[in-house]
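1. everything below, folded, please.
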Amino acid sequence: MIQLIQGDITKMEVDAIVNAANTSLLGGGGVDGAIHRAGGPAILEECQQIRAKQGGCKVGEAVITTAGKLPAKYVIHTVGPVWNDGQHDEETLLASAYTNSLRLAIAHQVKTIAFPNISTGIYHFPKGRAAEIAINTVRDFLARNSELEKVVFVCYDRENYELYNKLLN
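-> Numbering: from 1, shown residues only. Predicted coordinates:
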């Protein structure tokens, strides 16, 4: 049910990939920029429509768009928290980003979903703690929801891959 790979999330052949977006939904650096570049303008166009309707995406929330030219059907954009010494509800907000992405996936009949390492890049969330939250949140969700068939954690870098591998085994 849970898989781990080291690689490029934009190449994943799943129903939905999750984007570690920012609140503007207009693309950025890291995985967000890579998804927008690989998926083409259709993703940005739908993000702009969402912005026009609701003004972006709050931290811990999630929205869904087409995947454009990506092999996935959908991109679920979620906004993880910026790490501020752990004193500003960062752990709860990160768990919410995963939970809300999974809820949105089920609402769109997604069976397979791939997650990047949310908030561990320029948002500086401690990688080990972020991995624990990601895995525990997904496991808890899967224990209560049988609609999803596969969740893949896609680690771009070796450090995250090794952290996840240790926690999953």
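2. what's the distance between stretch 129-143 and the middle of its chain?
-> The chain centre lies 12 Å from the centre of stretch 129-143; the measure is C-alpha atoms, centre = their mean, to the nearest Å.
3. what does stretch 116-133 give?
-> Distance, centroid of stretch 116-133 to centroid of chain: 11 Å (C-alpha atoms, centre = their mean).
4. in that stretch, what's buried?
-> Using 16 or more other C-beta atoms under 10 Å as the test for burial, stretch 116-133 gives 116-121, 123, 125, 127, 129-131, 133. C-beta coordinates here come from the backbone N, C-alpha and C atoms, glycine included.
5. got the end-to-end distance for that stretch?
-> In stretch 116-133, first residue to last residue: 13 Å (C-alpha to C-alpha, to the nearest Å).
6. possible to save the buried residues of stretch 116-133 as a markdown table with distance to V151, secondary structure and pLDDT?
-> As requested, those are arranged in a markdown table below (distance: C-beta to C-beta, whole Å; DSSP: H, G, I helix; E, B strand; the rest coil; pLDDT from 0 to 100):
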| residue | distance to V151 | secondary structure | pLDDT |
| --- | --- | --- | --- |
| P116 | 12 | coil | 98 |
| N117 | 14 | coil | 97 |
| I118 | 13 | coil | 97 |
| S119 | 18 | coil | 97 |
| T120 | 17 | coil | 95 |
| G121 | 20 | coil | 92 |
| Y123 | 21 | coil | 95 |
| F125 | 19 | coil | 97 |
| K127 | 19 | helix | 97 |
| R129 | 19 | helix | 98 |
| A130 | 16 | helix | 98 |
| A131 | 14 | helix | 98 |
| I133 | 14 | helix | 98 |
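7. how about the strands in the protein?
-> Using DSSP state E, the strands of the chain run over residues 2-6, 16-20, 62-66, 74-78, 112-115, 150-155.
8. for the fourth one, packing partners?
-> In this case it means strand 74-78. If you count contacts as 3 or more C-beta pairs under 8 Å, 6 or more residues apart in numbering; DSSP states H and E, strand 74-78 packs onto strand 16-20, strand 62-66, helix 90-107.
9. nearest approach to V152 belongs to which of the ones you listed?
-> V152 lies closest to strand 16-20 among the helices and strands packed on strand 74-78, at 9.0 Å (C-beta to C-beta).
10. list the strands paired with that closest one, with their directions.
-> strand 74-78 (parallel), strand 112-115 (parallel) (DSSP bridges).
11. low-confidence ranges in this structure?
-> The chain contains no residues with pLDDT under 70.
12. now the closest residue to E90 other than its chain neighbours: phi and psi?
-> Among residues not flanking E90 along the chain, P81 sits closest, at 4.3 Å (C-beta to C-beta, 6 or more residues apart in numbering). With angles defined as degrees, to the nearest 10, P81 sits at phi -80, psi 150.
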